[in-house]
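S.K.: 3D, please:
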Amino acid sequence: MQQDGIEFGDPVLRAEQYGAILDERQRLIGYAQFFPMGSVTRLGLGLYPDLCGQGVGSSVVGLMAAEALRRCPGNEIDLEVLVWNVRAIRAYEKAGFSITDTYLRPSFSGGEPEWFHCMVYEAPR
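M.R.: Okay, the predicted model is just below:
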């Protein structure tokens, strides 16, 4: 992976930006990324597909936001989500994120541009 330029293949970058998401029995259920962008930490995450729609997303995202604030206390915390991903948007809102911008940009897969929301962490009310 490292020779192909895949960032996850870089052990230093992986240690600085990525973390494992474990369940209560210490089983791997996903990953978290904390991507520094100046005064902003952008979150990225992936959960085991069987957990989608099971109500764990907002808890995981809330814990990620807390970890991002621990790592960089003065930073704004944000994330990007495809506008059609209503289930994820609801989980992010429940965790304390609000939509602050919507824009067209290249997709993660490198295909046609897609519409994304930027959501910023405001802490749960």
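S.K.: okay, buried residues for the least confident helix or strand in the chain by mean pLDDT please.
M.R.: Here the helix or strand of the chain ranked lowest by mean pLDDT, DSSP states H and E is helix 11-17, holding a mean of 79. The neighbour-count check on helix 11-17 (16 or more other C-beta atoms under 10 Å) flags Arg14, Gln17 as buried. (C-beta placed from N, C-alpha, C; glycine too.)
S.K.: try stretch 52-68
M.R.: Across stretch 52-68, burial judged by 16+ other C-beta under 10 Å covers Val56, Gly57, Ser58, Val60, Val61, Gly62, Met64, Ala65, Glu67, Ala68.
S.K.: contacts for that stretch?
M.R.: With C-beta atoms under 8 Å, 6 or more residues apart in numbering as the test, stretch 52-68 has contacts from 19, 21, 29-30, 32, 34, 41, 43, 45, 47, 51, 75, 77, 79, 87-88, 91-92, 94-97, 121, 123-124.
S.K.: cross these against helices and list the overlap.
M.R.: Judged by DSSP state H, the contacts of stretch 52-68 include Arg87, Ala88, Ala91, Tyr92, Lys94 as members of helices.
S.K.: including pLDDT, distance to Arg14 and neighbour count, could the residues you listed go into a markdown table?
M.R.: Compiled in a markdown table, the ones in helices among the contacts of stretch 52-68 are given as follows (pLDDT from 0 to 100; distance: C-beta to C-beta, whole Å; neighbours: other C-beta atoms under 10 Å):
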| residue | pLDDT | distance to Arg14 | neighbour count |
| --- | --- | --- | --- |
| Arg87 | 92 | 28 | 11 |
| Ala88 | 93 | 24 | 20 |
| Ala91 | 93 | 25 | 23 |
| Tyr92 | 94 | 24 | 24 |
| Lys94 | 93 | 29 | 15 |
